[in-house]
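1. Provided below for reference: sequence and predicted model.
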Amino acid sequence: MKSSPGLVAPNAAEAFRTRIKAVELEAERLQQEAMYALAASMPLGRDATSPAEAARSNVAAYETMRAVAFPMAAVDTVLTAFAKLEGE
């Protein structure tokens, strides 16, 4: 609806699009609030002795939250990339 196809009056299309954007922003705000509340109840590496340990703990917490197990190779790739960034 960014560019009216001609079937809908441009003003009506823009008004509708504006409402959709507002609803999307509200949904994102609610999601952020829910994630913040969830994060407050999870350990999230707070007791970690190193950034790498905290990262691994956070990935494990995310797995728990999503009720999934990520492939170890993928987790190792992400944590290795994180470690390289920490070394810079």
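-> Noted; the coordinates are in hand.
2. tell me which helix or strand comes right after the lowest-mean-pLDDT helix or strand in the chain.
-> Lowest on mean pLDDT, DSSP states H and E among the helices and strands of the chain sits helix 51-66, with a mean of 86. Counting by DSSP states H and E, the next helix or strand C-terminal to helix 51-66 is helix 72-87.
3. other residues contacting that following helix?
-> P51, A52, A55, R56, V59 (CB atoms under 8 Å, 6 or more residues apart in numbering). For every residue, glycine as well, the C-beta is placed using N, CA and C.
4. so for that helix, mean pLDDT?
-> Here helix 72-87 scores 89 as its mean pLDDT.
5. roughly how far out does that helix sit from the chain middle?
-> 18 Å (CA atoms, centre = their mean, to the nearest Å).
6. tilt between it and helix 51-66?
-> 140 degrees (axes from the mean of the first three to the mean of the last three CA atoms, to 10 degrees).
7. and helix 72-87, what's buried?
-> For helix 72-87, a neighbour-count test (16 or more other CB atoms under 10 Å) marks V75, F82 as buried.
8. returning to what we had before: redo the contacts of helix 72-87 as TSV? Include neighbour count and distance to T18.
-> As requested, those are exported to TSV (neighbours: other CB atoms under 10 Å; distance: CB to CB, whole Å):
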residue	neighbour count	distance to T18
P51	13	43
A52	15	45
A55	19	40
R56	18	44
V59	17	39
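9. hmm, back to that, counting contacts, what elements does the least confident helix or strand of the chain pack onto?
-> helix 72-87 (3 or more CB pairs under 8 Å, 6 or more residues apart in numbering; DSSP states H and E).
10. redo that, cut-off 10 Å
-> helix 10-40, helix 72-87 (3 or more CB pairs under 10 Å, 6 or more residues apart in numbering; DSSP states H and E).
11. which stretch among those comes nearest D47?
-> helix 10-40 (15.0 Å; CB to CB).
12. pull out the buried positions in that closest one.
-> A13.
13. give me the mean pLDDT for it.
-> Per-residue scores along helix 10-40 average to 91.
14. and the angle for that helix with helix 51-66?
-> 110 degrees.
15. show me the chain divided up by domain.
-> Domains of the chain are assigned by automatic domain parsing as 1-41, 44-88.
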